[in-house]
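Chemist: Following is a predicted model, sequence given first.
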Amino acid sequence: MTDSSPCTAYVSSTSEMSEPHMSDQEEPSPETPGAVEVPYRFDVDSTTAKLHEQWDSLGDGEETGAEVTVAGRLMLRRDQGKIVFGVLQDGTGRIQLFAPAKTTPRFEEFGKLSLGDWIGVTGEVIKTRRGELSIRPSAWTVLATTRRPFPDKWHGISDPDTRYRQRYVDMWVSEDSNRTLRARSRIMSLTRRWLEDREFIEVETPVFHSIASGALARPFSTHHNALGLDLFLRIAPELYLKRLTVGGFERVFEIARVFRNEGISTRHNPEFTMLELYWAYADYTDIMELVEQLVAYLAVEITGSTTLSYDERELDLAAPWRRASMIELIEEHAGLALSIDMDRDELAGIAREHGIEVKDYYGPGKLILEIYEKTTEAELWGPIFVTDYPKEVSPLSREHRTQPGLTERFEAIVAGRELCNAFSELVDPDEQLARFHDQEAERAAGDAEAMGMDLDYIRALEYGLPPTGGLGIGMDRLVMLLTGATTIRDVVLFPTLRPEQDGVAEAPSES
RNA sequence: GCGCCUCUAGCUCAAUUGGCAGAGCAUCGGACUCUUAAUCCGCAGGUUCUGGGUUCAAGUCCCAGGGGGCGUACCA
């Protein structure tokens, strides 16, 4: 919103209404008792937040002479006989309606509005004797009635299931939900703008993949009838985005909904949103700087500061974040001096000592990762970049320039959770083909999440992928971090749930 | 997947040892000219998640199923 005038920002420029909103001819028609005719459009010229901003400093009992029009739902009503007090809520907040019998049109009807009804109100901005900023209606109209009773005006909805299923109600009665879901939208918007300012372009790549690849996860499958083709919903957009880098999009990103057929938890929804970006001529150290700057920027925009508390623990997101290799961190937290060159059986022995179930196809790299996850990962709070993952568990990452057997890959741990995964991209088609073959061998050995072979991607690499840094950020988890949400369902508008068994009950009929 | 917990009016919650299923808010009717979850009076509102079982008697105990939550496993 760039409009500088708060009182015109919401008026449609095409409006030609001379008799704007109210009319007194809204009597229910006799054929349909109880029916309320509602207008096709309605002009507002302010919001509750703007009114507070402009007039909160008004003295008790003062009047402004300023007439405004706002709209929203009636959330509370206090009927005082010859005065009715209401509370109108819109997308920005709440304001009191002060409606004396003398000045309020259709006063009786006004007092009979249901909590939850949408109304548009025009009136003077005043402050009551008791000091509550209010609108004294000179005209009002019903914009929609609610046929179902709203939840308890004080307790709201407490049942999480109902909150997620009927988000359209939750958003009105739960301030936290409202704030968090709006913050999500804002984080997405700020992220786009921040990247575009750095000359990244946004793209949309296919959701249907004939090969589920680009991540280690089990996919959803579906079917195209006309093509007679089984397809997977994507588990990552990675390989398509790198094709675009081959194609000359040097800085590219996608905010991608991805789908993984795995368990549901407070940190996992089957569909979630991942920001992936690819940056030609950059390596993983450039990506680390990008991540810490982006996250610190978003923290300041959303919370006002780089320091915040999450789960009652402090966190400082200011750049730079600590960088430490996986092997260093294992030594630091578990006192184990490991190396990627160590004998496989020796590593397997150490892993077993720590209670890890070692499978036959685990090589040294997988064993080091398992030991890290068992002994070290849960100890990390962050923000920290955990770098230099083993090649064996990083089939798309480029081998480390000085440490063979490791890759230039990192994950960021923030508030004890993985926030992102990134690397210097593997650019050599022969090497990539060999890594895919390794993955196929792992799949044959029983790993259901091993990555699928994508020969067209190999062909793309054969045309030449320049040095490129790539990144994936779990945006839902980022939103959780910045809003303090402890379950992913609070940051997803409509989280995946089983369907309601008994169907949806009919609205209570008025008789 | 597995383990533990939970489900009562539109919403939030009670119901003693197994003994008539209740309250507040919302709705509906009434009173009230500065309220702040207004207050006061009144009416109405129920397949106690579903199906079995034990019992003279089940919201309560038992079995099976369903929804949800948390933990755990896989993962971001």
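Modeler: Perfect, thanks for sending it.

Chemist: what residue ranges in the stretch 1-150 of chain A are flagged as low confidence?
Modeler: A:1-36 (pLDDT under 70).

Chemist: Next, count neighbours for the residue of the stretch 301-450 of chain A at minimum distance from RNA strand B.
Modeler: Closest contact between the stretch 301-450 of chain A and RNA strand B, by C-beta to the nearest atom of the strand, is at A:E418 (3.5 Å). All C-beta spots, glycine's among them, are computed from the backbone N, C-alpha and C. If you count neighbours by other C-beta atoms under 10 Å, A:E418 ends up with 16.

Chemist: For it, give me its contacts.
Modeler: A:411-412, A:474, A:477 (C-beta atoms under 8 Å, 6 or more residues apart in numbering).

Chemist: among those, which are in strands?
Modeler: A:411-412, A:474 (DSSP state E).

Chemist: what helix or strand is the residue of the stretch 301-450 of chain A closest to RNA strand B on?
Modeler: Using DSSP states H and E, A:E418 falls within strand A:417-424.

Chemist: That strand: partners in the sheet, and parallel or antiparallel?
Modeler: Strand A:417-424 sits in its sheet next to strand A:409-414 (antiparallel), strand A:468-474 (antiparallel), going by DSSP bridges.

Chemist: okay if I get those as a markdown table plus mean pLDDT, mean neighbour count and distance to RNA strand B?
Modeler: Shown next, in a markdown table, are these (pLDDT from 0 to 100; neighbours: other C-beta atoms under 10 Å; distance: least, C-beta to the nearest atom of the strand, whole Å):
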| stretch | mean pLDDT | mean neighbour count | distance to RNA strand B |
| --- | --- | --- | --- |
| strand A:409-414 | 95 | 25 | 7 |
| strand A:468-474 | 96 | 24 | 4 |
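
Chemist: Please identify which of these is closest to A:E292.
Modeler: Among the strands paired with strand A:417-424, strand A:409-414 comes nearest to A:E292, with 8.0 Å by C-beta to C-beta.

Chemist: contacts for the closest one?
Modeler: A:284, A:287-288, A:291, A:295, A:315, A:317, A:321, A:323, A:377, A:380-389, A:394, A:397, A:418-424, A:481.

Chemist: Please save the CA atoms from it in CSV.
Modeler: C-alpha atoms of strand A:409-414 as CSV (Å, rounded to 0.1, in the frame of the first residue of the first chain):
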residue,chain,number,x,y,z
ARG,A,409,27.4,-28.5,2.1
PHE,A,410,25.8,-27.0,5.2
GLU,A,411,22.7,-27.0,7.3
ALA,A,412,21.7,-24.2,9.5
ILE,A,413,20.5,-25.1,13.0
VAL,A,414,18.4,-22.4,14.6
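
Chemist: need the residues of the stretch 401-511 of chain A near RNA strand B, please.
Modeler: Residues of the stretch 401-511 of chain A lying near RNA strand B by C-beta under 7 Å from any atom of the strand: A:417-421, A:449, A:472, A:474, A:476-477, A:487-489, A:497-498, A:500-502, A:508.

Chemist: Type out the PyMOL command that picks the buried ones from the residues you listed.
Modeler: A single PyMOL command selects the buried members of those (16 or more other C-beta atoms under 10 Å):
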select buried, chain A and resi 417+418+419+420+421+449+472+474+476+477+488+489
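
Chemist: A:S134: neighbouring residues, count only.
Modeler: Neighbours around A:S134, by other C-beta under 10 Å: 24.

Chemist: just checking, it touches A:Q96?
Modeler: Yes - shown here, A:S134 and A:Q96 form a contact pair, counting by C-beta atoms under 8 Å, at 4.2 Å.

Chemist: what's the overlap in contacts for these two?
Modeler: With C-beta under 8 Å, 6+ apart as the test, A:S134 and A:Q96 both reach A:85, A:128.

Chemist: mind listing the helices for the stretch 401-511 of chain A?
Modeler: Using DSSP state H, counting those that start in this stretch, the helices of the stretch 401-511 of chain A run over A:429-444, A:455-462, A:475-483.

Chemist: I'd like these written out as CSV, with distance to A:E331 and mean pLDDT added.
Modeler: Formatted as CSV, the helices of the stretch 401-511 of chain A follow (distance: least, C-beta to C-beta, whole Å; pLDDT from 0 to 100):
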stretch, distance to A:E331, mean pLDDT
helix A:429-444, 27, 92
helix A:455-462, 35, 96
helix A:475-483, 28, 95
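
Chemist: highest average neighbour count across those?
Modeler: Ranked by mean neighbour count under mean count of other C-beta atoms under 10 Å, the helices of the stretch 401-511 of chain A are led by helix A:475-483, which reaches a mean of 24.

Chemist: quick one, that helix and strand A:417-424 angle?
Modeler: Counting by axes from the mean of the first three to the mean of the last three C-alpha atoms, to 10 degrees, helix A:475-483 lies at 130 degrees to strand A:417-424.

Chemist: so what does helix A:475-483 touch, helix or strand wise?
Modeler: Applying 3 or more C-beta pairs under 8 Å, 6 or more residues apart in numbering; DSSP states H and E, one finds that helix A:475-483 makes contact with helix A:175-197, strand A:271-280, helix A:284-303, strand A:307-310, strand A:417-424.

Chemist: Just the angle for the first one relative to helix A:284-303, thanks.
Modeler: It refers to helix A:175-197. Using the same axes, to 10 degrees, helix A:175-197 lies at 140 degrees relative to helix A:284-303.

Chemist: Kindly report the same for the last one.
Modeler: Interaxial angle of strand A:417-424 relative to helix A:284-303 (the same axes, to 10 degrees): 140 degrees.

Chemist: mean confidence for strand A:417-424?
Modeler: Regarding strand A:417-424, the rounded mean pLDDT is 94.

Chemist: do the second one as well
Modeler: Here strand A:271-280 scores 96 as its mean pLDDT.

Chemist: Pull up the residues of the stretch 1-150 of chain A that are close to RNA strand B.
Modeler: A:61, A:76-83, A:85, A:87, A:96, A:98, A:100-102, A:112, A:114-115, A:128-132, A:134, A:148-150.

Chemist: remind me which residues of the stretch 251-400 of chain A are low pLDDT?
Modeler: In the stretch 251-400 of chain A, no residues with pLDDT under 70.

Chemist: for it, what spans make up the helices?
Modeler: For the stretch 251-400 of chain A, applying DSSP H, counting those that start in this stretch gives helices covering A:284-303, A:326-334, A:344-353, A:364-375.

Chemist: Let me have those in a markdown table, extended by mean neighbour count.
Modeler: Formatted as a markdown table, these follow (neighbours: other C-beta atoms under 10 Å):
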| stretch | mean neighbour count |
| --- | --- |
| helix A:284-303 | 19 |
| helix A:326-334 | 18 |
| helix A:344-353 | 16 |
| helix A:364-375 | 21 |
